[in-house]
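Undergrad: sequence and predicted structure are below.
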Amino acid sequence: MAKDPTSLAIDTIRALSMDAVQKADSGHPGTPMALAPLGWLIFSELRRHDPKDPHWMGRDRFVLSCGHASMLQYALLHLSGYDLSLDDIQQFRQWDSKTPGHPEVFHTPGVETTTGPLGQGIANAVGMAMAARHLQRRFGASELGSGLFDHHVWCIASDGDLMEGVSYEACSLAGHLKLGQLIVFYDDNDITIDGRTSLAMSEDVDARFAAQGWHVQHVGDGNDLVALRAAAEAAKKDPRPSLIRVNTIIGWPAPTKQDTPGAHGAPLGKDEIAKTRELMGWPNQDFYVPAEMAAETAKVVARGAADHAAWKQKHDAWAKANLQLAEELRAAFAGELPAGWEDALVSFPASDKGDATRNTSGKHIAAIADKVGLDHERHGAARRRDALRRDLPRLRGLHAPRAAPRGADGASDALRADARLDRSRRGRTDAPADRDARVAPRDPGLHGPASVRRERDA
Ligand SMILES: Cc1ncc(C[n+]2csc(CCOP(=O)(O)OP(=O)(O)O)c2C)c(N)n1
Ligand SMILES: [Mg+2]
């Protein structure tokens, strides 16, 4: 029975991954094979992108955090119509080729960020989702602008990505900021280069991400396109960042190497490849791409062109009504800073006492915030906090008894106020020496940390 075009595309990705790694005699075939259905679903359906203009600012971003599975990305770019030929794929892992061992930004058309060091890609995806939020608030806030920057950031991460500490802190921030434009698929294949994940990892990943404020779903079979699609649609609707944990079998459907670390970092071997082709009903021919793929590629390209044209129409109407903002947007994407931004920089007189560089850099950032379009909401919050710090001593003076010794309640009030104002200290009394420089001056006899300690000890 003839294969449907989707199955054909998925098998093409699997076959190209086996062949490229075999020819290079190095690389990772197993994960691209297992993730072929998910990858094709993202590139052919879920993702809004224009393969003929990889820099379109309204596109959905894509990050393959497990960069060792680069053949997945290269096969997807090729089949989606990006400027990456079959010849480029045959040069996989060769010096100066467009298909290096791990994806490299500014090198291969359509690669959004360099990945390979595990954990970095997913952290980068969080950064992209923060950037999307910033763009949306700064340029897409009006009715005309709405929808200009509602793009998603799709990310595929592996066990190793989640083992790396950097993923923990970045994902914590994503949950805190409710970065709903971020959708991460976790390739839960129970295996790493070293063997079963149980050698080093047994945490409940769903619970970890739920605790960090993420929307968490589970798809039990990475070949189940219906379930993957449904999970992705639910993820798009949820206002929180989403984790979709997907069980896959590394190297699937290779008959003897699937589900083994052997499918991770070495060619499958000619015999195993021949047997896999047989199982897939594939011709025993290297780098075979069925003729039917041309029509599938054309569909992705046409969809991308239509999405891009609709976006451009929206953008142009918005730009006409927002000339200044449109110019700022252009300049931001061109990497240009507004003229005279440096005039806002603060100068600090020389002093024996000096100041912590985090303070001085903070003052610089605050000074140029308006010029470079820092998030206005946050900037406003900072202003309100600064005003509160300024006024608090006066307010306390109005309400607190001046001379009488304070009881435990008063002390804990002061601690609570400190904790609110200076969350990094979390109300600790062992403040660093420069703390007074950061917190508004006040009557040290009544409210200083030392007096709190004294009162408690008394
Ligand atoms: C920070 C970091 N440490 C080590 C490596 C080397 N390395 C590459 S892949 C891999 C194992 C990855 O296992 P997993 O993430 O589960 O990927 P899978 O084998 O399932 O594709 C390791 C340790 C790396 N790329 N980055
Ligand atoms: Mg794994």
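TA: In hand now; what should we look at? This is a predicted model, so every value here is computed, not measured. Ligands and ions are numbered 1, 2, ... in the order given.
Undergrad: tell me how many other residues crowd residue 144.
TA: By other C-beta atoms under 10 Å, 16 other residues sit near residue 144. (Each C-beta comes from the backbone N, C-alpha and C, glycine too.)
Undergrad: so what's it up against?
TA: 314, 317-318, 321-322 (C-beta atoms under 8 Å, 6 or more residues apart in numbering).
Undergrad: go again using 7 Å as the cut-off
TA: Taking C-beta atoms under 7 Å, 6 or more residues apart in numbering as the criterion, residue 144 is in contact with 317-318, 321.
Undergrad: repeat that for residue 307.
TA: Taking C-beta under 7 Å, 6+ apart, one finds 48, 50 in contact with residue 307.
Undergrad: that one in helix, strand or coil?
TA: Reduced to three states with DSSP: H, G, I helix; E, B strand; the rest coil, the structure at residue 307 is helix.
Undergrad: any idea how far it lies from residue 148?
TA: 13 Å (C-beta to C-beta, to the nearest Å).
Undergrad: quick one: stretch 218-227 to chain centroid distance?
TA: 22 Å (C-alpha atoms, centre = their mean, to the nearest Å).
Undergrad: is that stretch up against ligand 2 anywhere?
TA: No - for a cut-off given as C-beta under 5 Å from the ion, stretch 218-227 has no contacts with ligand 2; the smallest distance is 11.7 Å.
Undergrad: show residues contacting that stretch.
TA: 34-35, 37-38, 41, 206, 228, 231, 244-248.
Undergrad: and the residue nearest the centre of this protein?
TA: Centroid check for the chain by C-alpha atoms, centre = their mean gives residue 125 as the closest residue, at 1.3 Å.
Undergrad: which non-adjacent residue is nearest that residue?
TA: Take residue 125 and drop its neighbours on the chain: the residue closest to it by C-beta to C-beta, 6 or more residues apart in numbering is residue 155, 3.9 Å away.
Undergrad: what is the burial count for that neighbour?
TA: Neighbours of residue 155 (other C-beta under 10 Å): 30.
Undergrad: what parts of the stretch 151-300 of the chain come near ligand 2?
TA: Residues of the stretch 151-300 of the chain lying near ligand 2 (C-beta under 5 Å from the ion): 158-159, 189, 191-192.
Undergrad: let's go with 8 Å and repeat that
TA: 158-160, 187-192, 197, 250, 264 (C-beta under 8 Å from the ion).
Undergrad: of the residues you listed, list those near ligand 1.
TA: Counting by C-beta under 6 Å from any ligand atom, 158-160, 189, 191-192, 250, 264 from these sit close to ligand 1.
Undergrad: among the residues you listed, name the ones in strands.
TA: Those of these mapping onto strands are 158, 191-192, per DSSP state E.
Undergrad: which residues touch the residue nearest to the centre of the chain?
TA: Contacts of residue 125 by C-beta under 7 Å, 6+ apart are 63, 65, 153, 155, 182, 184.
Undergrad: quick one on the thing from earlier: surely the residue nearest to residue 125 meets residue 187?
TA: No - the criterion here is C-beta atoms under 7 Å, and residue 155 misses it with residue 187 at 10.8 Å.
Undergrad: contact partners for the closest residue to ligand 2 within the chain?
TA: At 3.7 Å from ligand 2, residue 159 is the closest residue in the chain, using C-beta to the ion. Listed by C-beta under 7 Å, 6+ apart, the contact set of residue 159 reads 192, 197, 201.
Undergrad: check residue 37 too.
TA: 10, 222-223, 225, 228.
Undergrad: what about whichever residue of the stretch 201-350 of the chain sits closest to ligand 1, how many neighbours?
TA: Here the residue of the stretch 201-350 of the chain nearest ligand 1 is residue 264; by C-beta to the nearest ligand atom that distance is 4.2 Å. Using other C-beta under 10 Å, residue 264 has 21 neighbouring residues.
Undergrad: and the one 10 residues further on, by the same measure?
TA: Here the neighbour count serves as a burial measure; for residue 274 (other C-beta under 10 Å) it reads 12.
Undergrad: would you mind listing what in this protein touches ligand 1?
TA: Residues of the chain lying near ligand 1 (C-beta under 6 Å from any ligand atom): 31, 66, 68-69, 116-119, 158-161, 164, 189, 191-193, 250, 264.
Undergrad: buried ones among the residues you listed?
TA: 31, 66, 68-69, 116, 118-119, 158-161, 164, 189, 191-192, 250, 264 (16 or more other C-beta atoms under 10 Å).
Undergrad: ok, how many other residues are close to residue 254?
TA: 27.
Undergrad: give me the element it is part of.
TA: Of the helices and strands defined by DSSP states H and E, none includes residue 254.
Undergrad: buried residues in stretch 234-251, which are they?
TA: Buried, per 16+ other C-beta under 10 Å, within stretch 234-251: 235, 240-251.
Undergrad: could I get the average pLDDT for the host helix or strand of residue 275?
TA: Using DSSP H and E, residue 275 sits in helix 270-280. Average pLDDT, helix 270-280: 98.
Undergrad: got the CA positions of that helix in PDB?
TA: Provided in PDB are the C-alpha atoms of helix 270-280 (Å, rounded to 0.1, in the frame of the first residue of the first chain):
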ATOM      1  CA  LYS A 270      25.300  -0.900   6.700                       C
ATOM      2  CA  ASP A 271      23.500  -4.100   7.700                       C
ATOM      3  CA  GLU A 272      21.300  -2.400  10.300                       C
ATOM      4  CA  ILE A 273      20.500   0.300   7.800                       C
ATOM      5  CA  ALA A 274      19.500  -2.200   5.100                       C
ATOM      6  CA  LYS A 275      17.300  -4.000   7.600                       C
ATOM      7  CA  THR A 276      15.700  -0.800   8.700                       C
ATOM      8  CA  ARG A 277      15.000   0.200   5.100                       C
ATOM      9  CA  GLU A 278      13.300  -3.100   4.600                       C
ATOM     10  CA  LEU A 279      11.100  -2.600   7.700                       C
ATOM     11  CA  MET A 280      10.100   0.900   6.400                       C
END
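Undergrad: if anything else comes up later, I'll come back, but that's it for now.
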